[in-house]
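[1] what's the 3D shape of this:
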Amino acid sequence: MNDAHTGEPILSLRGVRRSYGDRHVLQGIDLDVSAHEVVALIGASGSGKSTLLRTVNLLEPIDDGVIVLAGDDISDPRVDADRVRSRIGAVFQHYNLFPHLSVLDNVTLAARLVHRMPRTEAERRATELLAAIGLEGFAGSFPDRLSGGQQQRVAIVRAVLTEPELLLLDEITSALDPELVGEVLALVRSLAERGTTILMATHEMAFARDVADRVVFLDHGLIVESGPSAEVLSAPREQRTREFLARFL
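    Sure thing, here's the model as predicted:
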């Protein structure tokens, strides 16, 4: 974990609201994420964690508020959403790998087509990252030859290949068998140790305590409690936080 974060936030949300009809999913979210900080969003299903991440990645419009990425108002409706997404790495519950492409081509495709990275450079970086997580022997394999944990690690490598300003992780272990969770979390831990700025939704409380600098507890679209991970998870101040965490004891 990182001990200090200075300067302007990489990500800043102010008064962010999102509703579906009468259902208020985000009810005025204020949140900052500093450079090299790891922030874990926790909360029950339906608390707004995934919607918050999707609004940051411009996959969901907001009804009110402002989202700023490294000084740029990305909630402005005139913004180029694809250009914003090229600055953000995102990994969701399902791997979304292209089944007809090899692991190497899956990992390098966005780097080459969106970021115009030369193929040789993209493949060099991809090979290094795959080797670092023990998948160098799978570069030419197709996704159906990999386990779920291996596929999710490939998806993470794809997301970080271009060194995004911010990495969003949405419950990336929820679709995995328990024995595969550890290898994915180990990769995220290594990214955090390298200084990657991460905003993640997770139900892995022990992992959040070990890796996140800060934990934010959401309940019905509201931030109920936020603070250092060990503090919130070990000695929460709010009754609603205590009730939620009691499920994991």
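[2] I67 falls within a strand, correct?
    Yes - if the criterion is DSSP: H, G, I helix; E, B strand; the rest coil, then I67 is within a strand.
[3] Any buried residues in stretch 198-218, and which?
    For stretch 198-218, burial by neighbour count (16 or more other CB atoms under 10 Å) applies to 198-205, 207-209, 211-218. To be clear about C-beta, it is placed using only N, CA and C from the backbone, and glycine gets the same treatment.
[4] Now for E128, how many residues are close by?
    Residue neighbour count, defined by other CB atoms under 10 Å, stands at 12 for E128.
[5] Check S141 too.
    The tally of other residues near S141 (other CB under 10 Å) stands at 15.
[6] Might one say that it is in contact with S102?
    Yes - applying CB atoms under 8 Å, one finds S141 in contact with S102, separated by 6.5 Å.
[7] Tell me where this structure is predicted with low confidence.
    1-7, 249 (pLDDT under 70).
[8] Check which element follows the longest helix along it along the chain.
    For the chain, the longest helix by residue count, based on DSSP state H, is helix 178-193. Downstream of helix 178-193, the first helix or strand assigned by DSSP states H and E is strand 198-201.
[9] For that next one, name the packing helices and strands.
    Other helices and strands packing on strand 198-201, by 3 or more CB pairs under 8 Å, 6 or more residues apart in numbering; DSSP states H and E, are strand 38-42, helix 49-56, strand 166-170, helix 178-193.
[10] Can you lay out those as a markdown table showing distance to G71 and mean neighbour count?
    A markdown table is the format used below for the helices and strands packed on strand 198-201 (distance: least, CB to CB, whole Å; neighbours: other CB atoms under 10 Å):
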| stretch | distance to G71 | mean neighbour count |
| --- | --- | --- |
| strand 38-42 | 19 | 26 |
| helix 49-56 | 15 | 23 |
| strand 166-170 | 13 | 22 |
| helix 178-193 | 23 | 17 |
